[in-house]
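> Next input, structure requested:
(one chain, ligands or ions: 1)
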Amino acid sequence: MQIHLFRSARRWDSCLLPIDDNTFGFILQFRVRLVRIEPTSRFFNGETYATGNGRLHDTYGTFQLDAWTDQEWEDYKRRFVEVVQRHWSDRFILDPDRAWYRPRIGANLTSALIQCGLSIQLVETSAQAHQTYRIIHPQSTRFRSYVEEHNRSGVFTHLDLESQWGNRLTRIGSEDHSVDFLQTTINHEFGHTLGLNHVNGVGNSDRHYGVTLEQRENQMGMGGRLTAAHARPWIRGLWDRHHLLPQHHHPEDRVVFTGRVASPQLIEYWDNDWRPAATT
Ligand SMILES: [Zn+2]
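Below is the predicted model of the structure:
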């Protein structure tokens, strides 16, 4: 097996580094440009556009924009990096199904595992950026933030770094319950940037955000829960980017990696219709 340490690409760069004989770190590296959208800003991003008259138009209506203060904008940029890295970095481990890595010539193969990292570097120009996100400050909270994965862009609001409760009817057993879910919008949207779809299929209908409690609480549903499926961008990157390059048709060339979540997570939903089980 040949190992390539660094790869550059349009959506993100990646870096596979040996840490010791039994451990690698695999880091997805994003150069992100955050664009401060003011009421006077003009931009066009698919269906969303502003002409500089203080209003923003998109599929869901027209939104009045507020100005940013310099302090607010600096805080937002700093917290963007913190919030996304804290949520997506060092959360997954990839386990191999066999020994595949030879640390030194003559040494035995080891079943080295891979720790999945993610890092964000903010950049100022579009030429440098993998991803360009426009950040608006709408007066209404009804704006629906989104990512357009194919053109490496997104439109987010000043509130998207905060975790917020959302209520949805959710199937529990044979009943529909009113359940509140806690989600930080930017972490859901960054999942789309990573190429992840909604938990229950591609689309923006209610059911795509899940039907069952297990789906609803998912990061790519209504909640913030990460599962092994969210490690897919890392697993795919190992092969798609040729970080791992089979050489001689040895058994280790057929190694398969399986993702798992590295640490326990909090339960972040509240079932308003929960009743204690009837006792007899
Ligand atoms: Zn989404």
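> Report the buried residues of stretch 43-50.
Within stretch 43-50, the residues that count as buried by 16 or more other CB atoms under 10 Å are N45, T48, A50. C-beta: built from backbone N, CA, C; applies to glycine.
> List the contacts of stretch 111-121.
16, 18-19, 21-32, 80-81, 84-85, 88-96, 98-101, 103, 231, 234, 238, 257, 259, 262 (CB atoms under 8 Å, 6 or more residues apart in numbering).
> on that earlier part again, and which of the buried residues of stretch 43-50 is nearest Y60?
Nearest to Y60 out of these is T48 (CB to CB; 9.5 Å).
> these two touch, right, the closest one and G61?
No: assessed by CB atoms under 8 Å, T48 is found out of contact with G61, at 11.1 Å.
> In JSON lines, list the buried residues of stretch 43-50 along with pLDDT.
Shown next, in JSON lines, are the buried residues of stretch 43-50 (pLDDT from 0 to 100):
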{"residue": "N45", "pLDDT": "87"}
{"residue": "T48", "pLDDT": "94"}
{"residue": "A50", "pLDDT": "96"}
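> Filter those residues down to just the ones in strands.
N45, T48, A50 (DSSP state E).
> Any idea what the closest residue to the second one other than its chain neighbours is bridged to?
What it means is T48. The spatial neighbour of T48 that comes closest, neighbours along the chain excluded (CB to CB, 6 or more residues apart in numbering), is D58 at 4.1 Å. Beta bridges link D58 to G61, judged by DSSP bridges.
> What spatial separation is found between D58 and T157?
Remark: distance between D58 and T157 (CB to CB, to the nearest Å) = 12 Å.
> Please enumerate the shared neighbours of those two.
Joint contacts of D58 and T157 (CB under 8 Å, 6+ apart) are F143.
> So what would you say the end-to-end distance of stretch 93-101 is?
Terminal residues of stretch 93-101 lie 16 Å apart, using CA to CA, to the nearest Å.
> Just the buried residues of that stretch, please?
For stretch 93-101, the buried set under the neighbour-count rule, 16+ other CB under 10 Å, comprises I93, L94, P96, W100, Y101.
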